[in-house]
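# fold the following and give me the result.
(chains A and B)
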Amino acid sequence: MSQPPSGSLKKTPLNARHRSLGARMVEFGGWDMPVEYSGIVFEHMAVRTRAGLFDVSHMGQIEIAGHDALAAVQRVACNDAGRLAIGQAQYSGLTTPDGTFVDDVLTYRLADDHFMFVVNASNIVKDYTWIAKNLEGFEDAAAVNASSRYALLAIQGPAARDVLQALTGVPLGAIKYYWFTTGEVANVRATISRTGYTGEDGFEVFVPPASAERVWDAILHAGKSAGVVPVGLGARDTLRLEAAMRLYGSDIDETTTVLEADLGWIVGWKKDGFNGADVLRRQKQDGVARKLVGFEVLDRAIARHGYDVYAGGARAGVVTSGTQTPHVKKAIGMAYLPVEHAAEGTQFEIDVRGRRVRAQVVPMPFYKRAR
Amino acid sequence: MYPSDRKYTKDHEWVKIDGAEARVGITDYAQKQLGDVVYLELPDIGRTLIKGESFGTVESVKAVSDLYSPVAGEVTEVNRGLTERPDTVNSDPHGSWMIVMKVTGGADDLLDAEEYAELTK
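Model prediction:
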C-alpha cells in the first residue's frame, strides 16, 4: 500500500510503531496518524467485545496553575470546575462570548490550584492563545502548553481493566469513572484516567514521550491472549459516533452553541461570569432554534458529513456525522434540525448525492454498553 | 497477482469478457483503498451504459466511490447476493462480480493485468 509523504507532518512518539505494524497512515489535524491497522470493522468490534489500544498522543494538554487557577478555569470553560475534587475530571467546553465552542475538552484537577485541559490536536495553538488572552485579567494564573510533555495511550473495551491491571500496582477498580490517579504502568511513571471516547469502559494513560513505546509494547504484549489489538482513527470515529460523543470540527465548532449541541449538562448553571454565560442562559430560558439530533436512515443508503437535510419541504440543516457503523450495523448519524422537527420519531429527508432518502430522529446514544 | 483472464480500467474496475458478455467488479487494489465495504448500489437490469458511465456506488465505513462501466452495453444481470453481503468485495474482490453486461462496444484500450499492476505499484 502506498503511504502519504509524512515529511511536514507532526509525528507522535509511536509513529515508528504504527508503520512497523503496517498501519495505513493519514494526515489528521497536521499529524501523521494511523487510520487503520487491520480494518475499521475488525478494530471496532475488538473494542466492543475485547479491548483496543489507541495512540492519542496528538491530543494536547494545557495546564493552568496559580492561586487564581480555579477562577481562570471557571472563566474559560463552561462546566463547573469548582465541583471537581483533586483527582477528578469532567467534560467541558471552552466557550466564546456567543456560547459556541472554541473547543471541547476534558478538565482535570491535578491539585487545588492546578488544572489540565486535554484538548483536540488541531486546536492546541488556538486554545492556548485563547486561554492565555483570557488569563490576562487574573493576577496569579499561568497557562502552559504542556502537550510535548505527554504521550497519551487509550486502552478501551471490556477487557481493558484486566489487561492494564497486569502492568500496574495501582488498583484500577478503585478508580471511578471520570477520576484519575498517578502511579506506574510497565514501570513507567503514568497518570491513569478512567476516561475514553468509545462508549466502553477503559483507561487513558499519560506517560513521558520517551517511554511511550515501552508502554505501548507492554500493553499489546499483556493483552495478546485477551485479543487486544491496535486501533486507528477510523474505528475511533465509528466508536465515538455509536456512543454519540461529539466530534469537534464536525458536530460542534465556533458556530454551534453548547445548547444547540444538546450539551446543556456540561454547563455550570450555578456559576457566573464564564464566557458565553449570557447567551446560554437566554437560550436555556427561551429555547434554541435548532438542535443536534441523532438519526437513523430508513431507506437503503448511508448519510455522511455535509449532506443536506430537508424538513417540511425546505432545506433545514446538515448532517454533521454519519456512516454505517460496525456494531449497530445501521446507517446512523447526527444532524442539526429546527426544533420543530427535532422530536424523537420525526421523519425528515437527507439528500444522498442527489437522491432524497428518509431518516428518523432517534434517541442518543446509539449504543450503550451493558453495565 | 491480478488475474490475466480479464482487463482493467484506470478507475480500478475489472471486466471479464466472454464473447458478447462482460462481468464487472472492482479490483483488490480498489477494495484495499476503500476499506471495509458496507453498502453497494447497483443498477436495474436493462439499463444501457456508455463506456465510463457511473453504474452505481460502493461505500465503505469511511468513503463513497462511484462505479464506472468499463465498456458500453446493456445490463443483463445484477448480483443481488452481493448487495446483501457487501463485505465479500473485500474478501474476494476478483470473484465478486457486480453486473453482467451485453457488450456493444468500447472493449478496446483497457489495461491488461501487467499494465494494471504497474499502474497501482
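
# all contacts plus neighbour counts: C-alpha atoms, from now on.
Fine.

# look up the closest residue to A:G223, ignoring the ones flanking it.
A:V163 (5.4 Å; CA to CA, 6 or more residues apart in numbering or on different chains).

# need the per-residue pLDDT for that neighbour.
The model reports A:V163 with a pLDDT of 98.

# tell me the contacts of whatever residue of chain B ends up closest to chain A?
In chain B, no residue comes nearer to chain A than B:V61, which is 6.0 Å away by CA to the nearest CA. Going by CA atoms under 8 Å, 6 or more residues apart in numbering or on different chains, B:V61 touches A:I40, A:T323, A:Q324, A:T325, B:G35, B:D36, B:V37, B:V38.

# state the distance from the residue lying closest to the third one once chain neighbours are set aside to A:R281.
Yep, that's A:Q324 we're talking about. Excluding its sequence neighbours, the residue lying closest to A:Q324 (CA to CA, 6+ apart) is A:A331, at 4.0 Å. A:A331 is 35 Å from A:R281, where distance means CA to CA, to the nearest Å.

# more neighbours: which of the two?
Higher neighbour count among A:A331 and A:R281: A:A331, with 24 against 15, using other CA atoms under 10 Å in any protein chain shown.

# confirm the residue nearest to A:G223 sits in a helix?
Yes. Counting by DSSP: H, G, I helix; E, B strand; the rest coil, A:V163 falls inside a helix.

# so who does it touch?
By CA under 8 Å, 6+ apart, the neighbours of A:V163 are A:I219, A:A222, A:G223, A:A226.

# give me the phi and psi for A:H58.
phi -70, psi -20 (degrees, to the nearest 10).

# that one contacts A:W31, doesn't it?
Yes. Taking CA atoms under 8 Å as the definition, A:H58 is a contact partner of A:W31 at 7.0 Å.

# could you check the pLDDT of B:V37?
For B:V37, pLDDT reads 97.

# same thing with the one 5 residues further on?
For B:L42, the pLDDT comes out at 97.

# phi first, then psi, for it.
phi -120, psi 160.

# touching, it and B:E59? I think so.
No. Using CA under 8 Å, B:L42 is not in contact with B:E59, being 11.5 Å away.

# tell me which of these two has more neighbours.
Counted by other CA under 10 Å, B:L42 and B:E59 do not tie: B:E59 has more neighbours, with 22 against 19.

# what helix or strand is A:I192 located in?
strand A:188-193 (DSSP states H and E).

# which elements pack onto that strand?
On a contact count with 3 or more CA pairs under 8 Å, 6 or more residues apart in numbering or on different chains; DSSP states H and E, strand A:188-193 meets strand A:180-185, strand A:202-207.

# so for chain B, which of those strands sits nearest?
Among these, strand A:202-207 sits nearest to chain B (CA to the nearest CA), with 24.0 Å.

# buried residues in the helix or strand that the closest one is followed by, which are they?
With elements assigned by DSSP H and E, the helix or strand that comes after strand A:202-207 is helix A:212-222. Residues of helix A:212-222 classed as buried by neighbour count (16 or more other CA atoms under 10 Å in any protein chain shown): A:A212, A:E213, A:V215, A:W216, A:A218, A:I219, A:L220, A:A222.

# same question for stretch A:143-158.
A:A143, A:N145, A:S147, A:Y150, A:A151, A:L152, A:L153, A:A154, A:I155, A:Q156, A:G157, A:P158.

# got a markdown table for those, with distance to chain B too?
Shown next, in a markdown table, are the buried residues of stretch A:143-158 (distance: CA to the nearest CA, whole Å):
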| residue | distance to chain B |
| --- | --- |
| A:A143 | 37 |
| A:N145 | 32 |
| A:S147 | 29 |
| A:Y150 | 29 |
| A:A151 | 27 |
| A:L152 | 25 |
| A:L153 | 23 |
| A:A154 | 22 |
| A:I155 | 22 |
| A:Q156 | 20 |
| A:G157 | 21 |
| A:P158 | 23 |
